[in-house]
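Participant: no sequence on hand, only this structure:
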């Protein structure tokens, strides 16, 4: 997993993900954190999902269709996917509008 993504996920969750984490390691650590929130601080989980902008409909659908899969892992994957989308969007925006020191408006 790239450094920017690890940094983004770590800052959202206050987790200290190792810089050299693989995607699987990050998903597992995040899933453990999510499962703890499910059990002990559900309102914080809802706030996190809102901040990350996880699709509520997609989440409900995945939890329903994959009921045998750990809910924390499903949510962790969705958070990581959403953060990847945001990073790609920022990179695309930067390449379309390079900052050459001039104001554009």
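Facilitator: Looks like it arrived, so ask away. Small disclaimer: the values here were computed from a predicted structure and weren't measured.
Participant: check which helix or strand residue 35 maps to.
Facilitator: For residue 35, the element it lies in under DSSP states H and E is helix 23-40.
Participant: with residue 19 instead?
Facilitator: Using DSSP H and E, residue 19 falls outside every helix and strand.
Participant: shaky segments in the protein?
Facilitator: 1, 96-105 (pLDDT under 70).
Participant: quick check: longest helix in it by residues?
Facilitator: helix 71-96 (DSSP state H).
Participant: just the buried positions in the helix holding residue 35, please.
Facilitator: 26, 27, 28, 29, 30, 31, 33, 34, 35, 37 (16 or more other Cβ atoms under 10 Å). Placement of C-beta: from N, CA and C, glycine included.
Participant: could these go into JSON lines alongside distance to residue 19?
Facilitator: Below are those laid out as JSON lines (distance: Cβ to Cβ, whole Å):
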{"residue": "26", "distance to residue 19": "11"}
{"residue": "27", "distance to residue 19": "16"}
{"residue": "28", "distance to residue 19": "16"}
{"residue": "29", "distance to residue 19": "13"}
{"residue": "30", "distance to residue 19": "15"}
{"residue": "31", "distance to residue 19": "19"}
{"residue": "33", "distance to residue 19": "18"}
{"residue": "34", "distance to residue 19": "21"}
{"residue": "35", "distance to residue 19": "24"}
{"residue": "37", "distance to residue 19": "24"}
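Participant: residue 75: which of those residues is nearest?
Facilitator: residue 34 (4.8 Å; Cβ to Cβ).
Participant: can you tell me what sits against stretch 33-53?
Facilitator: Stretch 33-53 is touched from outside by 12-13, 15, 56, 59, 70-72, 75-76, 79, 82-83, with contacts defined as Cβ atoms under 8 Å, 6 or more residues apart in numbering.
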